[in-house]
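Student: I'd like to go over a predicted model; first the sequence, then the structure.
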Amino acid sequence: MRGYRGIKYTLFICCYVLWVVSFILIAVGIYAKMAKEKDVVDTLTFDPALLLIAVGSAMFLITFLGCFGALRNTTCLLKMFLGILVLILLLQIAAGVVAYVFTDMVMERTEQLMMKAIVQYREDRDLQNAIDFIQKKFQCCGVQTYKDWSHNVYFDCSEDNPSLEMCGVPFSCCVQLQNQTVLNTMCGYGMQQQDQSLAALDVFTVGCLERIVSWAKNNLLLVAGLTAGLLLLEVCMIALAAAQISWIKKVRGREKDNVDRPQWDRKDSLWYPAFANFDEDE
């Protein structure tokens, strides 16, 4: 019985922690969405706020099934929770295999998505902040090169572009000096017109796709550890849910067998050894 309680409450605690995390994701996504200006990007792919809401909602539903099913010993909810986790695990494994086998196709698709993000850079404040963070973090600019920013209407390097940022790059591409205290937001102006050797003195010229892939290769143990940790958590929760379902079925089976037995043969009936001595005063 102690083992059953340990399984039950361990599963409940894991689901409850993830349930709280999902609630935080939803709250942050809703706040970011309400703080946006009108007429901005409203697609799941390029809207970080919508992405947070979608991921948080999915986690909220899945972990709610696990929490309520574990706490109330509801096999129906636990089976749904178990099935969803198994499906997610299989999809993750399949995605990993596809990414490994079709690496070139995955890289090409990733490049296309990143290029679309550059095109819509100024259309969504959250997307703009995300791109700026990536370029600062990985010290990169554009997808393949800093001149990829010419695909954006504000940084387009054509003669008929009326933008003041024509042929420029965002300030997040700029190389910051060690003693620089005031951010120069105009440091990327006109950088696309310069050769890479000259532009490299002021801005990062290497594309972000190459930087991210290089970072993943250099931190392979970290990436593998995080991936293995996530998969291990899912496997543990699957095992706990399956174990609790097995315990519930076992207990219910015993209760059913006990009810079908005659009164004298039930396990909860009193039984005394033969020739027992009873004190009538007691």
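Tutor: Here it is on my side, so go on. Numbers count the residues shown, from 1 in each chain.
Student: what's the longest helix in the protein?
Tutor: helix 220-260 (DSSP state H).
Student: Ser22: what secondary structure?
Tutor: Secondary structure, DSSP: H, G, I helix; E, B strand; the rest coil: Ser22 is helix.
Student: surely it touches Met59?
Tutor: Yes. Contact criterion C-beta atoms under 8 Å: Ser22 and Met59 qualify, at 3.4 Å. Where you see a C-beta, it was placed from the backbone N, CA and C, and this is true even at glycine.
Student: mind showing which ranges of this protein have poor pLDDT?
Tutor: 1-4, 36-46, 180-181, 257-282 (pLDDT under 70).
Student: how close does the residue positioned nearest the centre of it sit to Leu25?
Tutor: What sits nearest the mean C-alpha location of the chain, by C-alpha atoms, centre = their mean, is Val55, with 6.9 Å. Here the criterion is C-beta to C-beta, to the nearest Å. By it, Val55 lies 6 Å from Leu25.
Student: likewise Arg122?
Tutor: Counting by C-beta to C-beta - Arg122 and Leu25 are separated by 26 Å.
Student: residue contacts, Thr78?
Tutor: Let me fix one detail, which is that residue 78 is Leu and not Thr. Leu78 makes contact with Leu65, Gly66, Gly69, Ala70, Ala241, Gln244, Ile245, Ile248, according to C-beta atoms under 8 Å, 6 or more residues apart in numbering.
Student: how about the helices of the protein, start to end?
Tutor: 2-34, 48-72, 75-101, 103-119, 125-138, 196-199, 208-218, 220-260.
Student: most tightly packed of those?
Tutor: helix 48-72 (a mean of 19; mean count of other C-beta atoms under 10 Å).
Student: on that earlier part again, any idea of the angle the longest helix of the chain forms with helix 2-34?
Tutor: 130 degrees (axes from the mean of the first three to the mean of the last three C-alpha atoms, to 10 degrees).
Student: mind giving me the packing neighbours of helix 220-260?
Tutor: Here helix 220-260 touches helix 2-34, helix 48-72, helix 75-101, going by 3 or more C-beta pairs under 8 Å, 6 or more residues apart in numbering; DSSP states H and E.
Student: could you dump the ones you listed to TSV with distance to Leu209?
Tutor: Conversion of these to TSV gives the following (distance: least, C-beta to C-beta, whole Å):
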stretch	distance to Leu209
helix 2-34	26
helix 48-72	19
helix 75-101	15
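Student: among the ones you listed, which is nearest Thr205?
Tutor: Between Thr205 and the helices and strands packed on helix 220-260, the shortest separation by C-beta to C-beta is 26.4 Å, and it involves helix 48-72.
Student: how far does the closest one sit from its chain's centre?
Tutor: Averaging C-alpha positions (C-alpha atoms, centre = their mean, to the nearest Å) puts helix 48-72 12 Å from its chain's average.
Student: and that helix, what other elements does it pack with?
Tutor: Using 3+ C-beta pairs under 8 Å, 6+ apart, helix 48-72 is in contact with helix 2-34, helix 75-101, helix 125-138, helix 220-260.
Student: list of residues touching the shortest one?
Tutor: If I follow you right, that is helix 125-138. Under C-beta under 8 Å, 6+ apart, the answer for helix 125-138 is 32, 36-37, 40-41, 46-49, 117-118, 120-122, 140-141, 170-173, 204, 208, 211-212, 215.
Student: got the angle for that helix vs helix 208-218?
Tutor: 50 degrees.
Student: thinking again about what came up before, for Ala200, which of the helices and strands packed on helix 48-72 is the nearest?
Tutor: Here helix 125-138 is closest among the helices and strands packed on helix 48-72 (C-beta to C-beta), at 14.6 Å.
Student: now Arg125: how far from Asp148?
Tutor: For Arg125, the distance to Asp148 - C-beta to C-beta - is 21 Å.
Student: repeat that for Ile131.
Tutor: Relative to Asp148, and taking C-beta to C-beta, Ile131 is found at 11 Å.
Student: any common contacting residues for those two?
Tutor: With C-beta under 8 Å, 6+ apart as the test, Ile131 and Asp148 both reach Ile118.
Student: need the helices of the chain in TSV with distance to Ser158, can you?
Tutor: Below are these laid out as TSV (distance: least, C-beta to C-beta, whole Å):
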stretch	distance to Ser158
helix 2-34	33
helix 48-72	30
helix 75-101	36
helix 103-119	15
helix 125-138	22
helix 196-199	19
helix 208-218	23
helix 220-260	40
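Student: right, I'll leave it there.
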